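S.K.: I would like the atomic coordinates for the input below:
(2 chains)
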Amino acid sequence: MTLAVSCRNVSKVYDTGGQKVTALNCIDLDIAIGELMMLVGPSGCGKTTLISVVAGILDQDEGICELFGENLRNMSSKDKLNFRARNIGFVFQSFNLLPSLNAAENVSIPLILNGMKRFEAERKAVTVLEQVGLGDRWKFLPSQLSGGQQQRVAIARALVHSPRLIVCDEPTSALDHKTGRNVMTMLKDVAMHKERTLVIVTHDARIFDFANRIAEMDDGHIVSVEGIKAKDTSLNLAS
Amino acid sequence: MNHIALKMLMGDKGKYIGIIMGLTFASLIMTQQPAIFVGLMSRSYSFISDVGLPDIWVMDAKVQFVDDIKPLQDTEIYRVRGISGVEWAMPMYKGLLKVRLTDGTFQTCIVVGLDDSTLIGGPPVMIEGKIDNLRHSDSVIVDIDGARDKLGKPSPLSGEARIPLQIGDTVEINDRRAIVAGIAKVTRTFQSQPVIYTTYSRAKSYAPKERKLLSFILVKAKKGQNTTELTRRIRTATGLAAYTQAEFQELTYEYFMHNTGIPINFGISVLLGFIVGAAIAGQTFYNFTLENLRQFGVLKAMGASNLILLRMILLQAVLVGSIGYGLGVGLTGLFGFAMRDTILAFKFPWQLLLFSGAGVSLICIFAALISILKVIRLEPAIVFKG
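M.R.: Below is the predicted model of the structure:
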């Protein structure tokens, strides 16, 4: 099995006003290329910290976390930025679209960061927006779109530069059940293929059936990692 | 990423206008107040500027500025005429005399007495009449601002503006009749007193009787003469002070700078404008960055380097700075235009553009710097916080 993410003994402690809070405690986790892994668990269990370390936007205190065989911690800041810009796409809970940019401009940002010219990037952004069903709304500002549409724009932004890993933080928590499932279906259809890995942090038990595997976290540990059969949402999560 | 930076900046119209208004205010204060200051200071030597013909001004050695009259004996003029390199030397009387108006009130005026034969040192621009009219008996030329305002006749209707003094009107200077024979345009003086031109001999008859009444000797250098060398020769030969026009202006300017509170007062205004402008613009710009911190975090998470974000913030600062500066300078220009015919002193030399430009740049650099520090220290993991 080729690994997209390999974490060994990863720990992270936050110092909050003199008080030490252990967010990650000796985490071991492997995620295969082409896999859709969900990180679940109660609030404060360390899911967001783990996804931040996996995405290379937060350094762990101890342990090794490799992304496609690369240890980001050993990279210079510039190399890490370039690696992130090329290989990782982000989908956030609150969409985090830039409110003054239209949908196409928002989607084009990763391409521009990877050196593509603005107009070419926006043209490509429109084609990706078409894939997520928003081809006719590329000129719309985020405020002119519904929550589900904004999340689809965010997904298009995460996909546009063909990253190898997409990390999603609570992608459906701001959406109603039907819209959430639609977004997940669309995400799985458009984003998933054998070369791409998805890591999704979620509380939303209604979307567990989209995962290949679910890692349950509690108190900075991974409590269990289980494969999911279709429509199996029986994990007992206190959220 | 430049277009993204600009769209981020202009996305929130209220904040965008707020930043620009802060910078406009700062730019306005930093340009308008110094322009008034420069205008006021240039008035201190406006009388010298208006007398354009002579190259050198000769006066008592103890004179500190143009209004500090220490009269000379009339015979001094002959000593100056005898110095090699002097083309001509003419007398000038300058003094403050009380003028009795037609309604019986008194107004202190600057009375200037010009050489009877050549009338050298007369007003720069005649609006009505000719300078030669001074050759008529009892004639005087009055400056237009004085004629309209302080020397004007009271209106028969209460509350109405004064009726301007006109050619043919009569006033009394030291109990002697003076007939207005011309109206001239002169640059307003520091104290904004009306200026009355007459001949040297007539001015002496107006002035209180004193042994010495010659205020200045106006000297023209012969063609090809080095004026600095000639002033040195005049000083050596006569023991009097001799200055080129520029040197006399500088002497007067320096006196007002060092012996009045004007520079400090205006300096405080400009400093306050700078501080208030910096506070408003800096705070608004910093708040703008703070409110967009998550957006910068998103960009950082997606791979935007600190250098890219720094360039974006600098571009935003340069844009708002340029617009604020342009508006401030433009408003100052409009202010100056609107005040051009009023008593307000206002002068807008190009150096002021550099001064206020540097001030606004400093504010923008300060505002951008504190914002940049915040963005550089920003952890991109902020984007995963709800």
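S.K.: mind listing the strands for chain A?
M.R.: All strands of chain A, identified by DSSP state E, fall at A:3-16, A:19-32, A:36-40, A:62-67, A:70-71, A:88-91, A:165-169, A:197-201, A:213-218, A:221-227.
S.K.: Report the buried residues of the first one.
M.R.: Spelled out, that is strand A:3-16. Burial within strand A:3-16, assessed by neighbour count using 16 or more other Cβ atoms under 10 Å in any protein chain shown, is assigned to A:3-7, A:10-13. To be clear about C-beta, it is placed using only N, CA and C from the backbone, and glycine gets the same treatment.
S.K.: Below-threshold pLDDT in chain A: ranges please.
M.R.: Applying pLDDT under 70 to chain A picks out residues A:1, A:228-239.
S.K.: which residues does the residue most central in space within it contact?
M.R.: Closest to where the C-alpha atoms of chain A average out (Cα atoms, centre = their mean) is residue A:167, at 1.4 Å. By Cβ atoms under 8 Å, 6 or more residues apart in numbering or on different chains, the residues touching residue A:167 are A:51, A:54-55, A:88-91, A:198-201.
S.K.: The closest residue to chain A within the stretch 101-250 of chain B in helix, strand or coil?
M.R.: Nearest residue of the stretch 101-250 of chain B to chain A, counting by Cβ to the nearest Cβ: residue B:188, 50.8 Å away. Taken by DSSP: H, G, I helix; E, B strand; the rest coil, the conformation at residue B:188 corresponds to coil.
S.K.: my guess is it contacts residue B:49, does it?
M.R.: No: using Cβ atoms under 8 Å, residue B:188 is not in contact with residue B:49, being 11.4 Å away.
S.K.: so where do the helices sit in the chain?
M.R.: Chain wasn't specified; assuming chain A. With DSSP state H as the definition, chain A shows helices at residue ranges A:47-54, A:77-87, A:103-113, A:118-131, A:147-159, A:177-191.
S.K.: Switch to chain B, please.
M.R.: According to DSSP H, chain B carries its helices in the segments B:2-11, B:13-44, B:46-50, B:76-81, B:144-148, B:200-206, B:227-238, B:245-259, B:262-291, B:293-301, B:306-338, B:350-376.
S.K.: The closest residue to residue B:11 other than its chain neighbours and residue B:147: what is the separation?
M.R.: Closest residue in space to residue B:11, ignoring its immediate chain neighbours: residue A:100 at 2.4 Å, by Cβ to Cβ, 6 or more residues apart in numbering or on different chains. Separation of residue A:100 from residue B:147 (Cβ to Cβ, to the nearest Å): 60 Å.
S.K.: one step back: lowest mean pLDDT across the helices of chain B, which one is that?
M.R.: Of all the helices of chain B, the minimum mean pLDDT falls on helix B:262-291 (a mean of 78).
S.K.: could you list every residue that touches residue 175?
M.R.: Just so you know, I chose chain A. Contacts for residue A:175 (Cβ under 8 Å, 6+ apart) come out as A:147-148, A:151, A:183.
S.K.: try again with chain B
M.R.: Going by Cβ under 8 Å, 6+ apart, residue B:175 touches residue B:100.
S.K.: Quick check: it vs residue A:167, distance?
M.R.: Taking Cβ to Cβ as the measure, residue B:175 falls 99 Å from residue A:167.
S.K.: what do you get for residue B:232?
M.R.: Taking Cβ to Cβ, one finds residue B:232 at 84 Å from residue A:167.
S.K.: if you average pLDDT over stretch B:58-74, what comes out?
M.R.: Over the span of stretch B:58-74, the pLDDT mean works out to 92.
S.K.: Go through that stretch and flag the buried ones.
M.R.: By neighbour count with 16+ other Cβ under 10 Å, stretch B:58-74 contains the buried residues B:58-60, B:63, B:65-67, B:69, B:71-72.
S.K.: Tell me which of those fall in strands.
M.R.: Residues of these located in strands (DSSP E): B:58-59.
S.K.: just to revisit the earlier point, what about residue B:188 and residue B:49, which has more around it?
M.R.: Under the neighbour definition other Cβ atoms under 10 Å in any protein chain shown, residue B:188 and residue B:49 were set side by side, and residue B:188 has more, 21 against 16.
S.K.: wait, what's in contact with the residue nearest to that one when sequence neighbours are not counted?
M.R.: Distances taken as Cβ to Cβ, 6+ apart place residue B:43 nearest to residue B:188, at 5.7 Å, with adjacent residues excluded. Under the criterion of Cβ under 8 Å, 6+ apart, the neighbours of residue B:43 are B:187-190, B:192, B:345.
S.K.: If burial is judged by neighbour count, which of those pass?
M.R.: Using 16+ other Cβ under 10 Å as the burial test, the contacts of residue B:43 include B:187-190, B:345 as buried.
S.K.: For the residue in the stretch 201-350 of chain B that chain A sits nearest to, list the residues it contacts.
M.R.: In the stretch 201-350 of chain B, the residue that lies nearest chain A is residue B:303 (2.6 Å; Cβ to the nearest Cβ). Residues near residue B:303 by Cβ under 8 Å, 6+ apart: A:81-82, A:84-86, A:88, A:110, A:113-114.
S.K.: what number of residues lie near residue 215?
M.R.: Just so you know, I chose chain A. Close neighbours of residue A:215, defined as other Cβ under 10 Å, add up to 23.
S.K.: nope, chain B
M.R.: Neighbour tally, residue B:215, other Cβ under 10 Å: 24.
S.K.: how close does the residue nearest to residue B:188 sit to residue A:52?
M.R.: With distances taken as Cβ to Cβ, residue B:43 is found 67 Å from residue A:52.
S.K.: One more: residue B:222?
M.R.: Distance of residue B:222 to residue A:52, given as Cβ to Cβ: 87 Å.
S.K.: Please identify which of these two sits among more neighbours.
M.R.: Taking other Cβ under 10 Å, residue B:222 and residue A:52 do not tie; residue A:52 has more neighbours (28 against 12).
S.K.: okay, now the closest residue to the more buried one other than its chain neighbours: neighbour count?
M.R.: Sequence neighbours aside, residue A:58 is the residue nearest to residue A:52 in space, at 3.7 Å (criterion: Cβ to Cβ, 6+ apart). Residue A:58: 21 surrounding residues under other Cβ under 10 Å.
S.K.: residue contacts, residue A:58?
M.R.: Taking Cβ under 8 Å, 6+ apart, one finds A:12, A:49, A:52, B:379-381 in contact with residue A:58.
S.K.: What of residue B:189?
M.R.: By Cβ under 8 Å, 6+ apart, the contact set of residue B:189 is B:43, B:46-47, B:110, B:195.
S.K.: Now with 6 Å, please.
M.R.: Contacts for residue B:189 (Cβ atoms under 6 Å, 6 or more residues apart in numbering or on different chains) come out as B:43, B:46-47.
S.K.: With residue B:95 instead?
M.R.: Contact partners of residue B:95, counting by Cβ under 6 Å, 6+ apart, are B:111, B:207.
S.K.: List the beta-bridge partners for it.
M.R.: Judged by DSSP bridges, the bridge partners of residue B:95 are residue B:111.
S.K.: Just the pLDDT at it, thanks.
M.R.: pLDDT, residue B:95: 92.
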